[in-house]
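Q: Please work out how this folds:
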Amino acid sequence: MGAATGSSAAGRGRHDDHFRTFRGRFGTPTAYGLAILFAGGCTFVALAASGPGADAVNRISIIVVGVLGALVAWRFGAVRAVPGPGGLTVVNYASRRHLDWAEIVTVRFGPSDPWVHLDLADGDVLAVMGIQRADGEYAMDEARRLVALIAELGEAPEPEQR
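A: Numbers count the residues shown, from 1 in each chain. Purely as a prediction, here's the structure:
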């Protein structure tokens, strides 16, 4: 409760911080950097190559491989979780899912987990790859912020209130 109160006090002046996007601190810029390096490096090699095998088909093939590699790396960098008043949108490598706050039962981030896992009311478990163990204490702070958001916005009505 004290941690949630402290973060609320800090965010009183800036409501945007309360709903700040959850993103990997190191993985995201690394993936974007690799995407640029992949596309730029392959394009440079394709255009600078000379001699046998440096025909148009090979040059185009090298550029296409670079662009495809860049797209994969860019997708790795795009993982995030976007909180808002209406819920949490989780964007992972191959999927996107919007959850209402009340759908989230618990947040798990064990010592051997690579990222946060959400236990959902329907029994599913959803990985939140935007909060990654590789980010160390920053990731722990972000997991605590997610727990505070769920506690604040995700309380479902109790069954006996019917």
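Q: Residue 122 belongs to a strand?
A: No. The assignment for residue 122, made by DSSP: H, G, I helix; E, B strand; the rest coil, is coil rather than a strand.
Q: Show me the shaky parts of the chain.
A: Residues of the chain that meet the criterion pLDDT under 70 lie in 1-16, 155-162.
Q: contact partners of the longest strand anywhere in it?
A: Secondary structure of the chain per DSSP state E: the longest strand is strand 125-132. When contacts are defined by C-beta atoms under 8 Å, 6 or more residues apart in numbering, strand 125-132 is touched by residues 21-25, 27, 79-81, 90-93, 97, 99, 109, 114-120, 139, 142-143, 146. C-beta coordinates here come from the backbone N, C-alpha and C atoms, glycine included.
Q: Following element in sequence after the host helix or strand of residue 44, please.
A: According to DSSP states H and E, residue 44 maps onto helix 27-48. Helices and strands here follow DSSP H and E; after helix 27-48, the next one along the chain is helix 56-77.
Q: And for the helix or strand that residue 90 is a member of, what's in contact with it?
A: Assessed by DSSP H and E, residue 90 sits inside strand 87-91. With contacts defined as C-beta under 8 Å, 6+ apart, strand 87-91 is touched by 78-82, 96-101, 103-104, 118, 126-128, 130, 146, 149.
Q: List buried members of the residues you listed by neighbour count.
A: Buried members of those, scored by 16 or more other C-beta atoms under 10 Å, are 78-82, 97, 99, 101, 103-104, 118, 126-128, 130, 146, 149.
Q: Now intersect these with the strands, please.
A: Secondary structure from DSSP E places 80-82, 97, 99, 104, 118, 126-128, 130 of the buried ones among the contacts of strand 87-91 in strands.
Q: ok, of these, which one's closest to residue 64?
A: Set against residue 64, the nearest of these by C-beta to C-beta is residue 80 (27.7 Å).
Q: Show me what the closest one is bridged to.
A: residue 23, residue 91 (DSSP bridges).
Q: Next up, the contacts around it.
A: So residue 80 contacts 21-23, 28, 91, 130 (C-beta under 8 Å, 6+ apart).
Q: Same question for residue 32.
A: Contacts of residue 32 by C-beta under 8 Å, 6+ apart are 73-74, 77.
Q: Recalculate using a threshold of 6 Å.
A: Each residue near residue 32 by C-beta atoms under 6 Å, 6 or more residues apart in numbering is listed here: residue 77.
Q: That one and residue 65: what is the separation?
A: According to C-beta to C-beta, to the nearest Å, residue 32 and residue 65 sit 19 Å apart.
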